[in-house]
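> turn this into a structure:
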Amino acid sequence: MAVSSFSSVSDDVRRWKYDVFVSFRGEDTGGGFVSHLLRAFKQKSISTSVDAEDMCRGDRLSEELRKHIQQSRLSIVVFSQNYASSRRCLRELAQMVEQVKMTGQVLVPVFYGVEPYVVRRATGPFAEAFARYDCEMEEEEVCTWRKALTAAASYFGWYIENYRDDAELIEEIVQCVFNKLIRWSSFDGGWKYDVFLNFRGEDTRKSFCSHLYKALYQKVINTFMDDEELRKGNSLSELLKCIKQSRVSIVVFSADYASSTWCLKELVQILKCMDEHNQMVVPVFYEVDPSQVCRPEAFTKHDRDSKVEMEEVQSWMLALTRATNLTLPRWDSRNYDDDAKLIEDIVQHISRELPRFTRLQMGHV
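Numbering: from 1, shown residues only. The predicted model follows:
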């Protein structure tokens, strides 16, 4: 992957191999709640690591498991009735809390079938487990576990009793994690925006594009949509810079798209970023047949413009021809009964693909 000044990443960023590490007591939640949670993460393209049996022998933390915790951006601990009865769970928890102190890793607790205060104060089944450890284990390690338990249970998290069912809780956890990862990855990769919106203002600014922008905003997808005042100058430098600082470009083709030199110059830059920096491009055909976007009469006007060089016009034609024939998921408004469903599908696609494209752009497999 070609790396430029705006897409280079630090050693800290390259350290992350997983988005989320999940610690849980398998006997309590492994076959139910956690399995559904992991499936929901996978559907959102959020990479997860868990304590697999082949990574550990007995109660000790293997070096491999320790690295999985260290290489995760965020940790989730699912506290349940018998969580503390597992020494390995407590060792995982101590490592997770250590990562919070050492690297600022985010740790989020989920209280499933157990009151938060029971965990925080180590009462009930937690007190019983620690009573055994006080007799069987080294005092220093038990003290570390107690502190880790108190610290982790004090962080803001989720309590199952506040939700109608597991599905509602899982949906909120996954969306919250997704939003955090989006914000972090934009910062880490040097991206200022998640999405750059390219469109012909006179055709769609006050209708389709304004609704699309609002829908992206509601999903916490940071989108650049140029202000009309920005187009009152002669320079496109600011807009072209914003394209470079975006991970995704949505190109909204409309009937008069090709008549705008601004749109065409932006399109050339968008395709360049796609080729050189793996930028994701999403073509949308709004009330226009794809074959009619590259209208000859629009380019006749550009050919006659003395301010435009012939080579530049040719580059626009090539870019437009290529963009309208991209073999990517693309949308055509003529296939929908209304704009709302089209916008919903576009936003869902971008939400689903952003994490995957982030890892690709940052050089992760």
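> can you pull the buried residues of stretch 267-283?
Residues 267-271, 273-274, 277-283 are the ones in stretch 267-283 that count as buried (16 or more other CB atoms under 10 Å). Where you see a C-beta, it was placed from the backbone N, CA and C, and this is true even at glycine.
> so which of those residues is the closest to residue 297?
residue 267 (18.2 Å; CB to CB).
> isn't the closest one right next to residue 199, touching?
No - using CB atoms under 8 Å, residue 267 makes no contact with residue 199, being 10.8 Å away.
> for the buried residues of stretch 267-283, which one is nearest residue 122?
Using CB to CB, the buried residues of stretch 267-283 come closest to residue 122 at residue 280, 47.2 Å.
> what sits opposite the closest one in the beta ladder?
residue 248 (DSSP bridges).
> so it makes contact with residue 251?
No - with contact defined as CB under 8 Å, residue 280 does not count as touching residue 251 (11.2 Å).
> now the common contact residues for residue 267 and residue 199.
residue 251 (CB atoms under 8 Å, 6 or more residues apart in numbering).
> circling back: of the buried residues of stretch 267-283, which belong to strands?
280, 281, 282, 283 (DSSP state E).
> show me where pLDDT drops low in the stretch 101-250 of the chain?
The stretch 101-250 of the chain contains residues with pLDDT under 70 at 183, 185-190, 227-236.
> now do the helices in it.
For the stretch 101-250 of the chain, the helices defined by DSSP state H, counting those that start in this stretch cover 116-121, 125-136, 139-154, 166-188, 201-204, 208-218, 237-244.
> chain center to the fifth one: distance?
Average the C-alpha atoms of helix 201-204, do the same for its chain, and the two points are 29 Å apart (CA atoms, centre = their mean, to the nearest Å).
> do the same with the second one
On the basis of CA atoms, centre = their mean, the separation between the geometric centre of helix 125-136 and that of its chain is 40 Å.
> so what touches it?
Counting by CB under 8 Å, 6+ apart, 81-85, 87, 114, 118-119, 122, 142, 145-146, 149 sit against helix 125-136.
> apply 10 Å and report the result again.
Contacts with helix 125-136, where a contact means CB atoms under 10 Å, 6 or more residues apart in numbering, come from 79-87, 90, 114, 118-123, 137, 139, 141-143, 145-146, 149, 153.
> which residues touch residue 138?
Residue 138 sits next to residue 144 when contact means CB under 10 Å, 6+ apart.
> cool, and residue 348?
Here residue 348 is in contact with 215, 219 (CB under 10 Å, 6+ apart).
> roughly how far apart are it and residue 260?
Using CB to CB, to the nearest Å, residue 348 is found at 28 Å from residue 260.
> surely residue 291 and residue 320 touch.
No - the pair residue 291 / residue 320 is not scored as a contact, 11.8 Å apart, by CB atoms under 10 Å.
> the more surrounded of these two?
Between residue 291 and residue 320, residue 320 has the larger neighbour count (other CB atoms under 10 Å), namely 24 against 10.
> helices and strands around the host helix or strand of that one, which ones?
For residue 320, the element it lies in under DSSP states H and E is helix 310-323. Here helix 310-323 touches strand 246-253, helix 261-277, helix 296-304, going by 3 or more CB pairs under 10 Å, 6 or more residues apart in numbering; DSSP states H and E.
> so can I have JSON lines of the buried residues of stretch 267-283 showing distance to residue 301 and pLDDT?
Below are these laid out as JSON lines (distance: CB to CB, whole Å; pLDDT from 0 to 100):
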{"residue": "267", "distance to residue 301": "17", "pLDDT": "96"}
{"residue": "268", "distance to residue 301": "18", "pLDDT": "96"}
{"residue": "269", "distance to residue 301": "21", "pLDDT": "96"}
{"residue": "270", "distance to residue 301": "22", "pLDDT": "96"}
{"residue": "271", "distance to residue 301": "22", "pLDDT": "96"}
{"residue": "273", "distance to residue 301": "27", "pLDDT": "93"}
{"residue": "274", "distance to residue 301": "27", "pLDDT": "92"}
{"residue": "277", "distance to residue 301": "32", "pLDDT": "84"}
{"residue": "278", "distance to residue 301": "34", "pLDDT": "84"}
{"residue": "279", "distance to residue 301": "29", "pLDDT": "90"}
{"residue": "280", "distance to residue 301": "31", "pLDDT": "91"}
{"residue": "281", "distance to residue 301": "26", "pLDDT": "94"}
{"residue": "282", "distance to residue 301": "27", "pLDDT": "95"}
{"residue": "283", "distance to residue 301": "23", "pLDDT": "96"}
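> for those, which one is nearest residue 39?
residue 280 (24.5 Å).
> state the distance from the closest residue to residue 291 other than its chain neighbours to residue 303.
Nearest non-adjacent residue to residue 291, counting by CB to CB, 6 or more residues apart in numbering: residue 324, 7.9 Å away. Look at residue 324 and residue 303: by CB to CB, they are 20 Å apart.
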